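1. Any chance you could fold what I've pasted below:
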Amino acid sequence: QVQLVESGGGLVQAGGSLRLSCAASGRTFSNYHMGWFRQAPGKEREIVAAISWSGGRTYYSGAVKGRFTISRDNAKKMVWLQMNSLKAEDTAVYYCASAQRPPDQQPILSGEYVYWGQGTQVTVSS
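-> Sure thing, here's the model as predicted:
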């Protein structure tokens, strides 16, 4: 089992940056693919970025590609989401999640993720 705790959210002006952190507990963290999702008011939860168990593969949604970077450190049991050039439409609650899938897969659907954090609010003012 994996427990996830996000931090680093806050209020930032458009064009600014934030770095979200996700701290994981559990002995098998390195077995899990990890993802960042977000949910804005009145909208469905959507994937932002995902990273494979080894960190060797990453995925970004079209809305954030080129602006956000996902990374992980298995020894520290940490996942980060560096968010640059933030826009008002990036405002949402951001969630960290873990998926236990075969090593060669890259899960990007929320239903593929088993464990979720409580979320952290990101608000971008225009």
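2. Please determine how far the residue nearest the centre of the chain is located from residue 9.
-> Residue closest to the mean C-alpha point of the chain, counted by Cα atoms, centre = their mean, is residue 36 at 1.9 Å. Using Cβ to Cβ, to the nearest Å, we find residue 36 at a distance of 12 Å from residue 9. No exception for glycine: its C-beta is placed from N, CA and C like everyone else's.
3. again, but for residue 91
-> 10 Å.
4. Name the residues contacting each of those two.
-> Common neighbours of residue 91 and residue 9, using Cβ atoms under 8 Å, 6 or more residues apart in numbering, are residue 122.
5. what's the overlap in contacts for residue 36 and residue 9?
-> The contact sets of residue 36 and residue 9 overlap at 20, 94 (Cβ under 8 Å, 6+ apart).
6. burial of residue 41, as a residue count?
-> Counted with other Cβ atoms under 10 Å, residues neighbouring residue 41 total 7.
7. Helix, strand, or coil at it?
-> Recorded secondary structure, residue 41: coil (DSSP: H, G, I helix; E, B strand; the rest coil).
8. Much appreciated, bye for now.
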